[in-house]
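Asker: task: produce atomic coordinates for the following.
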Amino acid sequence: MRLRIWLLGAAVLAAPLAAKDRLGVYYSWAAFRDDTPLRCYAIAAPEETSGKPTAKAFLSIGFWPKRNVTHQIYVRLSRERSSNSGITLSAGGRRFRLRAEGNTGWAMDRRMDLAIIAAIRSATSLSVESIGRDGRSIVDAYSLRGAPSAIDAAAIGCVTSAK
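Answerer: A predicted model of the protein is given here:
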């Protein structure tokens, strides 16, 4: 377990290199706060990935108080996505078609962000799927153990910092 936490800190969290304050580590999830600009986020790396990854995949839930943005879903795939393929996030028996931009995906709107967060809170795992440039499936699977705590820590971290 400690190796997994170390890998989470070393590999996945390299994506947001400017992270300044660690708010907590919750199993395979962590929460961070940046002061300039003020933002907080919960983040995790996939526990399983189909095929050989060519990028450091992650899923994050962001909070940007100055922009009035909360619970914003963002994913980066482990491989390059075919331009003809969408990105689907599945959690808790629900499927969400994300807005795809290159190898990243966002919820279509705030309502979808909140529906995904609700699914995350009631599920044990989540998958992000697409089709790679090579025509093979991309499946990045995440454990959700610790996700609600990391999301709450990120939310609280930005509320207390914004005051």
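
Asker: what's the first helix or strand after the helix or strand bottoming out on mean pLDDT in the chain?
Answerer: Every helix and strand of the chain was ranked by mean pLDDT, DSSP states H and E. The lowest is helix 2-10, at a mean of 39. As assigned by DSSP states H and E, the chain's next helix or strand after helix 2-10 is strand 21-26.

Asker: parallel or antiparallel, which strands does that next one pair with?
Answerer: Looking at strand 21-26 with DSSP bridges, its partner strands are strand 29-34 (antiparallel).

Asker: pull the distance from the strand it pairs with to the chain's centre.
Answerer: 11 Å (CA atoms, centre = their mean, to the nearest Å).

Asker: from the rest of the structure, what touches the helix or strand just after it?
Answerer: Remark: after strand 29-34, the chain's next helix or strand is strand 39-44, criterion DSSP H and E. Here strand 39-44 makes contact (CB atoms under 8 Å, 6 or more residues apart in numbering) with 8, 12-13, 15-16, 23, 28-34, 58-65, 142-143, 147, 150-151, 153-155, 157-158, 161. (C-beta placed from N, C-alpha, C; glycine too.)

Asker: check stretch 146-159 too.
Answerer: Contacts for stretch 146-159 (CB under 8 Å, 6+ apart): 21, 23-33, 38-44, 61-65, 70-71, 117, 120-121.

Asker: longest helix anywhere in this protein?
Answerer: In the chain, taking DSSP state H as the definition, the longest helix is helix 147-162.

Asker: now that one: average pLDDT?
Answerer: Helix 147-162 shows an average pLDDT of 88 in the prediction.

Asker: the contacts of stretch 146-159, buried ones only, as a ChimeraX selection?
Answerer: This is the ChimeraX syntax for the buried subset of those, where burial follows 16 or more other CB atoms under 10 Å:
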select :23,24,25,26,27,28,29,30,31,32,33,38,39,40,41,42,43,44,61,62,63,64,65,70,71,117,120
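
Asker: where's the closest residue to P53 other than its chain neighbours relative to M108, distance?
Answerer: Distances taken as CB to CB, 6 or more residues apart in numbering put S78 closest to P53, at 3.9 Å, once the chain neighbours are dropped. As defined by CB to CB, to the nearest Å, S78 lies at a distance of 22 Å from M108.

Asker: more neighbours: which of these two?
Answerer: A count of neighbours by other CB atoms under 10 Å puts S78 above the other of S78 and M108, at 24 against 13.
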